[in-house]
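*Asks:* Output the structure for:
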Amino acid sequence: MRQDGFTATDGTPIAYYDWPGDADAPPVLLHHGFVADTASNWVDTGVVAALTAAGRRVVGIDARGHGASGKSGDPARYGEATMARDLMGLVDELSTPAVHLVGYSMGAVVALIAATRDTRITRVVAGGVGSGVVEVGGVDTRAGSAELITAAFTAPTLAEAPPVTRPFRALADALGADLPSLAAQASALHRKPLDLAGVRVPTLVLAGADDPLATRPEVLAEAVSQGALRVVPGDHLTAARGPQFTAAIVDFLAVE
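*Replies:* Numbering: from 1, shown residues only. Model prediction:
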């Protein structure tokens, strides 16, 4: 693995990680979920190992405010549309004509936005999301409002965070994440209609059966012209750690 980085258009440093693989196949870009980072979402879960074992070049990005990328407590510097621009900047950095893109939760929203804007993205996996993308325009805040999520990271301690948000605060504390940055992103969550008709590439919607943030994933799969659906065991925090989740990604992105 090689760690590298570039500077986004607004001056934010963006970190990424590059594992070598087949130079003739599109690299697989991985965009993690809210609070997490490349290591916790993709390395620790075995996704990177499975993809590299299949011969693929893998590149994982740490979203702004997360991991080793630049931090800020200013909500104006966040939002999934801004992260999509960062992702396209990474594709520029890689100088590759085509990529396969995998996103989880927040990262899935980022991936879908990017897929409407960048023809170099030729295949997408949108994990940890469902009908909320269609009906509320992003991560399903019906399971917990943006204000409630923000409160998880402004609370002085885990015990003082709203009970429904404590798993996310516990993950942030375990990772040593930057709480002001997470609060800023929570307040900037994408809540506008997505141009899902603009996603014109094969797209796998990959959801945990017990994920409250990915209810009715078939609604999203049907809203995308070349959508496919796979439901695997687990909830929002456990589905991505299961072998069926990893196998679904490797199989869907297999180069024919």
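*Asks:* Please make it C-alpha for all contacts and neighbour counts, starting now.
*Replies:* Fine.
*Asks:* For Arg230, see how far away Glu160 is.
*Replies:* Distance of Glu160 to Arg230, given as C-alpha to C-alpha, to the nearest Å: 36 Å.
*Asks:* quick one: which of these two has more around it?
*Replies:* Ranked by neighbour count (other C-alpha atoms under 10 Å), Glu160 and Arg230 place Arg230 first, with 18 against 13.
*Asks:* Just name the shakiest helix or strand of the protein by mean pLDDT.
*Replies:* Every helix and strand in the chain was compared by mean pLDDT, DSSP states H and E; the lowest is helix 146-154, with a mean of 87.
*Asks:* and the angle for the next helix or strand after that helix with helix 146-154?
*Replies:* Once the chain leaves helix 146-154, the next helix or strand it forms, by DSSP states H and E, is helix 166-175. Angle of helix 166-175 versus helix 146-154, following axes from the mean of the first three to the mean of the last three C-alpha atoms, to 10 degrees, is 30 degrees.
*Asks:* Tell me which other helices or strands helix 166-175 touches.
*Replies:* Helix 166-175 makes packing contacts with helix 146-154 when contacts are defined by 3 or more C-alpha pairs under 8 Å, 6 or more residues apart in numbering; DSSP states H and E.
*Asks:* Buried residues of the helix it packs on, list them for me.
*Replies:* Buried residues in helix 146-154, counted by 16 or more other C-alpha atoms under 10 Å: 146, 148-154.
*Asks:* cool, and stretch 42-59?
*Replies:* Buried-residue list, stretch 42-59, by 16+ other C-alpha under 10 Å: 42, 45-52, 56-59.
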